[in-house]
Every structure is written in C-alpha cells, then in structure tokens.
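**Q** build the 3D model from these lines:
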Amino acid sequence: KLLVSNAARMTAVNVVSAYVFFLSKLVVAFLCALCTTIWIEKILVLSDSDTTVSSAFGPSICTFILGYVVAYIFYEVVDFTIDVLLLCFCLDDLRNSQTGDYFASRR
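**A** The predicted structure is shown next:
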C-alpha cells in the first residue's frame, strides 16, 4: 500500500538518482584512469629509473574498471540510503496526513 500510493515519488526519485549516479560513476572511473595515465606518462617516464612502459592504455583501462566497480559499490549504498529515507518520509506522510503533525521538518 505504501509503495503503490507513492509510486510517482518513488519513480521520480529513482529515475533521477539512477541518472545522476551513473554519470557520477563514469566521472569517478574516468578521473581514476586519467590520473593513472598522467602518472605513467609524466612521473614514470621523467624519473631516472629503469622502468619502461610501452603504453599507458592497459593500466588505464584496468584502473577505469576498478574505479567504476568501487564507485558502483559506493553509490549503491548511497542509493539504498536514499530509498530508505524516502520510504520513511512516505510512511510519515501516510500516518500523519490527517493530523499534520509530521516528524519531517517543514523546510
């Protein structure tokens, strides 16, 4: 009953959060890959070590995938938290709509 009566709210929040979190995961993964590429091409090549790297593409792809996986796990926890808070808000709205005495602040 709670989900059916608040389907529009749930859908709107889930669609917006899915879009924003997907873009955020891509940005995090891209920044990780970019930092890896810069580190390999600038710091390792300019240092006086005997380390030679033929291409930064492989490590950057691995870092992109790893960064995406870590961001995915983090944003899944955040998405679950948003869903729980929205359900709490909807339950508060359902139980206290007649009295107007909400637990949520009026802001």
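**Q** low-confidence ranges, this protein, go.
**A** 44-51, 104-107 (pLDDT under 70).
**Q** centroid residue for this protein?
**A** Closest residue to the average C-alpha location of the chain: Y75 at 3.3 Å, with CA atoms, centre = their mean.
**Q** contacts only, for the closest residue to that one other than its chain neighbours.
**A** What sits nearest to Y75 in space, not counting adjacent residues and going by CB to CB, 6 or more residues apart in numbering, is F21, at 4.4 Å. For the C-beta atoms, the positions are set from N, CA and C on the backbone; glycine is no exception. Neighbouring residues of F21 by CB atoms under 8 Å, 6 or more residues apart in numbering: 75, 78-79.
**Q** now those in JSON lines, with distance to L85?
**A** Shown next, in JSON lines, are the contacts of F21 (distance: CB to CB, whole Å):
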{"residue": "Y75", "distance to L85": "15"}
{"residue": "V78", "distance to L85": "11"}
{"residue": "D79", "distance to L85": "11"}
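**Q** go through those and flag which are in helices.
**A** Among these, DSSP state H puts 75, 78-79 in helices.
**Q** now do the helices in the chain.
**A** So, for the chain - with DSSP H - the helices run 2-5, 7-38, 45-46, 57-96.
**Q** I'd like those as TSV, with distance to Y102 appended.
**A** As requested, these are arranged in TSV below (distance: least, CB to CB, whole Å):
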stretch	distance to Y102
helix 2-5	16
helix 7-38	15
helix 45-46	60
helix 57-96	5
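**Q** so which of these comes closest to F103?
**A** Comparing those against F103 with CB to CB, the closest turns out to be helix 57-96 (5.0 Å).
**Q** off-centre distance for that closest one?
**A** On the basis of CA atoms, centre = their mean, to the nearest Å, helix 57-96 sits 5 Å off its chain's mean C-alpha point.
**Q** could you do stretch 23-40 as well?
**A** 14 Å.
**Q** and N6, how many neighbours does it have?
**A** 18 (other CB atoms under 10 Å).
**Q** quick one: it from L94, how far?
**A** 8 Å (CB to CB, to the nearest Å).
**Q** many thanks, have a good one.
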